[in-house]
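Peer 1: The sequence and its predicted three-dimensional model are supplied below.
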Amino acid sequence: MNKNLRWIVLFAPLVLFIALAAFLLKGLGSDPTKLDSALINEPVPAFKTVDLYDTSIVYDESVLKGKPILLNVWATWCPTCRAEHEFLNQLASEGIPIVGLNYKDDSRGKAVNWLNTLGDPYTINLFDPEGEVAFEFGVYGAPETYFIDEQGVIRYRHVGDVNARNWQSTLKPIYEQLKQEAQ
């Protein structure tokens, strides 16, 4: 084996290890709830889906226009959705309009029972059993909440649960700004 090849064989694993470690360390410092969305400042995507309670009612993207709203993506199989649900009920009781997008639940009945048991904070309930509407929004999983202005433009995307802490620190000011702009 010549001298140059021996050095390459000796140091190649070390160089690969350092590169991999740098890549992994970069991920440690990132915020997992901050996922960029190509749809920020874009109109909500076109969609058609049925109402969770009454499948003869069909909705399209126009239900997300007219006033600032939150679109909350949730599912009965999602433990974090259950954790945030009580706070969403509180927001709804304070007059915050929230549209629910039931995401990939295998049973409409299970989702309706869940809302009947835990309370229904949603002004409209969209049923998305195959995740097609959620796909158009770029949903990674539940829960996710989109802040949509009165023109139907997505202004903010929150990944993870909505709770009192992040509502006060980050989300409420965004919603208040959307309300101010709508006046």
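Peer 2: Received it, and whenever you're ready, just let me know what you need. Everything quoted here is computed from the prediction, not taken from an experiment.
Peer 1: Give the burial count for Gln168, as a bare number.
Peer 2: 10 (other Cβ atoms under 10 Å). Just so you know, the C-beta spots here come from the backbone N, C-alpha and C atoms, and that holds for glycine as well.
Peer 1: Hmm, I typed the wrong one, I wanted Gly141.
Peer 2: Using other Cβ under 10 Å, Gly141 has 16 neighbouring residues.
Peer 1: can you check Asp149 too?
Peer 2: Asp149 has 22 nearby residues by other Cβ under 10 Å.
Peer 1: what sits against Val162?
Peer 2: For Val162, the contact set (Cβ atoms under 8 Å, 6 or more residues apart in numbering) comprises Leu70, Asn72, Glu84, Phe87, Leu88, Leu91, Pro143, Thr145, Leu171.
Peer 1: Let me see the contact set for the spatially most central residue of the chain.
Peer 2: In the chain, the residue lying closest to the centroid (Cα atoms, centre = their mean) is Glu144, at 1.8 Å. Counting by Cβ under 8 Å, 6+ apart, Glu144 makes contact with Asn72, Val73, Phe137, Arg157, His158, Val159, Gly160.
Peer 1: remind me which residues of this structure are low pLDDT?
Peer 2: Applying pLDDT under 70 to the chain flags residues 1-38.
Peer 1: can you map out the helices along it?
Peer 2: Using DSSP state H, the helices of the chain run over residues 3-28, 79-93, 108-118, 132-137, 164-166, 172-182.
Peer 1: quick revisit: which of the contacts of Glu144 lies closest to Asp120?
Peer 2: Asn72 (11.6 Å; Cβ to Cβ).
Peer 1: so what's that closest one closest to, chain neighbours aside?
Peer 2: Distances taken as Cβ to Cβ, 6 or more residues apart in numbering place Thr145 nearest to Asn72, at 4.9 Å, with adjacent residues excluded.
Peer 1: Counting neighbours, what do you get for that neighbour?
Peer 2: 23.
Peer 1: hey, what's the spatially closest residue to Tyr122 that is not a sequence neighbour bridged with?
Peer 2: Excluding the flanking residues, the one nearest Tyr122 by Cβ to Cβ, 6+ apart is Gly100, at 3.5 Å. Gly100 has these beta-bridge partners by DSSP bridges: Asn72, Asn125.
Peer 1: My guess is Gly100 contacts Phe127. True?
Peer 2: No. Judged on Cβ atoms under 8 Å, Gly100 makes no contact with Phe127 at a distance of 9.4 Å.
Peer 1: so what sits against both of these two?
Peer 2: Leu52.
Peer 1: Show me the domain layout of the protein.
Peer 2: 1-30, 42-182 (automatic domain parsing).
Peer 1: Start and end of the last one, how far apart?
Peer 2: Looking at domain 42-182, the gap from its leading to its trailing residue is 17 Å under the measure Cα to Cα, to the nearest Å.
Peer 1: mind checking how far it is from the chain centre?
Peer 2: 8 Å (Cα atoms, centre = their mean, to the nearest Å).
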